[in-house]
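# Test case, fold it:
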Amino acid sequence: MRLITLTLIVGWLILTAASGITQASGLPAVEQKKIEALISGVEQMKDAGFIRNGKSYNSTDAAEFLRLKWKSRLAEIHSAVDFIDKVASFSSTTGKPYRIRFGGGRDQLSAEYFRAQLSLLERRSVKQSS
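The predicted structure is shown next:
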């Protein structure tokens with residue numbers, strides 16, 4: 001779990017420092033960076049499965065799916081919290097919640113996971129700007 005958090009933080013820092021980040025549909029740049037950091041964190045979780053509608057997907061496929069779903073709902077997403085609530089938590093088709101199955105076999109609702117990761121990102125950001 002520490003490696004995941006470290007990866008998430010490194011992703012956040014890279015995105016924050018990167019130039020030329022395109023702002024999505026009026027989404028504040030800081031919120032876009034948070035969303036990208038959350039997705040990048042998922043992408044790095046090589047030992048996890050992402051359960052969507054009863055089927056498990058690897059981290060690369062999960063990240064690609066989240067980016068595509070986010071893109072398809074740009075008009076509805078005004079913050080990282082919106083991304084979690086409207087994109088990364090449940091299937092728009094079936095209403096079933098998404099889950100993450102970690103390497104040790106532990107499952108967690110993706111909404112819980114993403115909220116915890118967002119909280120870590122925001123706490124780290126506050127510490128770095130102090």
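
# Residue 81 is in contact with residue 35, correct?
No - at 9.9 Å, residue 35 does not count as touching residue 81 under the criterion of Cβ atoms under 8 Å. Just so you know, the C-beta spots here come from the backbone N, C-alpha and C atoms, and that holds for glycine as well.

# how about the spatially most central residue of the chain, secondary structure?
The residue lying closest to the centre of the chain (Cα atoms, centre = their mean) is residue 38, at 2.9 Å. Using DSSP: H, G, I helix; E, B strand; the rest coil, the structure places residue 38 in helix.

# so it touches residue 113, yeah?
No - assessed by Cβ under 8 Å, residue 38 is found out of contact with residue 113, at 9.3 Å.

# low-confidence ranges in this structure?
The chain contains residues with pLDDT under 70 at 1-25, 130.

# tell me what the longest helix anywhere in it is packed against?
In the chain, taking DSSP state H as the definition, the longest helix is helix 110-129. Contact here means 3 or more Cβ pairs under 8 Å, 6 or more residues apart in numbering; DSSP states H and E; on that basis helix 110-129 packs against helix 2-17, helix 29-43, helix 80-86, strand 99-101.
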